[in-house]
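Trainee: The following block contains a protein sequence and its predicted model.
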Amino acid sequence: MNMNKDFFKALEALGEENSVETELLIDKVKSAMLKAARRAYPHSEERISVEIDPKTKKFEMYIRQDIIDDEPIDVNEVNIDVAKTMDPNAMVGGTILKELDISKLGRMAALSAKQSIKGDLREINREQMLSKFEQKEHECITAKVSQVEPGRGTVTVVYDGTELYLFRNEQIPGEVLEEGKSVKVYITGIIGKNKKPVVKISRTHKDLVKRLFEQEVPEIYDGTVEVKSISREAGSRTKIAVWSKDENVDAVGACIGPKRSRITAVVNELNGEKIDIIPWSEVPEEFIARALAPAEVLKTVITSMEEKACTVIVPNNQLSLAIGNKGQNAKLAAKLTGFKIDIKPQTDTVTGEEAPELSPDFVAPVFETAPAEEAEAEIAEETAAEETEAETAEAPAAEEAPAAEE
């Protein structure tokens, strides 16, 4: 029985819809049809064969019958006279292929074949998804925006023919993604690997910043410059601590690049998010002082190594800058270093007394990691009332926000 062209059109459409090659899909259909036929002819299991050829549009099913000279006892046998009507050269003791009417396999057999093909497609899709994305887990990929859902705000992106979903909570706040534009996303993980894999992507994950710097900074990619930790408030500010294994290579300078080209490329990709590049130090006091940049720090004292707590003294006019708008700078510094940071002004704003002498006496140098105009703008954002109320900005505990050491 020759199937019409509709079957092969449907087969091609099914293959394209599931990103499966026609040859592979035909193998799966053959397998499913054999199962269905063997269910319909349980005593002829090894005698049934299926032929599907998309080039000649041939789709046929056969059963191999033994040629006998008397009355057949079942479908596995055929009388010689009947056999000769199909093949004039038929002989007793030989075999002949009888074509089966696929449409008469029965509803249950057809349903079974359909379910089997669906199951095969799911397995093919699972394997293809894993082979395509398993090696890219925790990496940054460039995808194209294909659809922006106005209601829920979910953005559909396409990577190598596969649709992925960037949910609203994984999008940078305030960012508008346009259809047709390319966007870089971070693959946070693959869930349901043994069933139906779902690739989770993000634009807010802090490691997206790390991957972007790896792409822009050869020294990070080749391991000369190491990213020690990152803290991020997506859409607003990121602090990234870097260290050079080679004393002749300036880690901060490498990340900034000639004429700020490298850091500018990352900032542009993150929709203008501010980035502080902090030189990492193995001396906690020094690292904490640097982490509070662009604020100047006068003294840093570790009050408890067990609890990872410290006290920092800053000039009165730097208090707002050290704390940051809504405590952001202090929180990011705490996440970057893993320390609770208690920030105090040099002079008590209520009593006018100098801050008590702290021991050991560590005076941290000032490290400039952001343009001066940004620092001035942040100071201007804070009112005098906020400054008085926020004399102590304790960041989240180290166990709540550990440093992201690599």
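Mentor: Cool, the structure landed.
Trainee: what about the helix or strand harbouring K239, average pLDDT?
Mentor: Of the helices and strands defined by DSSP states H and E, K239 is found in strand 237-244. What strand 237-244 shows for mean pLDDT is 96.
Trainee: Next, the buried residues of the following helix or strand past it.
Mentor: Remark: after strand 237-244, the chain's next helix or strand is helix 251-256, criterion DSSP H and E. For helix 251-256, a neighbour-count test (16 or more other CB atoms under 10 Å) marks A251, V252, A254, C255, I256 as buried. Where C-beta positions appear, they are placed from N, C-alpha and C, glycine not excepted.
Trainee: contacts for helix 251-256?
Mentor: Residues from elsewhere that reach helix 251-256, judged by CB atoms under 8 Å, 6 or more residues apart in numbering: 213, 217, 219-220, 224-226, 240, 242-244, 262-263, 277-280, 369.
Trainee: which intervals of the chain have sub-threshold pLDDT?
Mentor: 1-22, 103-110, 112-113, 348-406 (pLDDT under 70).
Trainee: what helix or strand does the residue sitting nearest the centre point of it sit in?
Mentor: Residue closest to the mean C-alpha point of the chain, counted by CA atoms, centre = their mean, is I187 at 1.3 Å. For I187, the host element (DSSP H and E) is strand 182-191.
Trainee: so what does that strand touch, helix or strand wise?
Mentor: In terms of contacts (3 or more CB pairs under 8 Å, 6 or more residues apart in numbering; DSSP states H and E), strand 182-191 is packed against helix 107-133, strand 140-148, strand 162-166, strand 198-202, helix 206-216.
Trainee: ok, and what's touching it?
Mentor: By CB under 8 Å, 6+ apart, strand 182-191 touches 129-130, 133-134, 136-145, 157, 164, 166, 177, 197-203, 205, 207-208, 211-212, 269.
Trainee: Which among those residues count as buried?
Mentor: Buried, going by 16+ other CB under 10 Å: 129-130, 133, 140-141, 143, 145, 157, 164, 166, 177, 197, 199-203, 205, 207-208, 211-212, 269, out of the contacts of strand 182-191.
Trainee: returning to that earlier point: what angle do the strand holding I187 and helix 206-216 make?
Mentor: Calculated by axes from the mean of the first three to the mean of the last three CA atoms, to 10 degrees, strand 182-191 forms an angle of 130 degrees with helix 206-216.
Trainee: where does strand 182-191 sit relative to the chain's centre, distance-wise?
Mentor: 2 Å (CA atoms, centre = their mean, to the nearest Å).
Trainee: What are the buried residues along that strand?
Mentor: V183, K184, V185, Y186, I187, T188, I190.
Trainee: And those residues, which is closest to E60?
Mentor: Sorting the buried residues of strand 182-191 by distance to E60 puts I190 at the head of the list, at 41.2 Å, by CB to CB.
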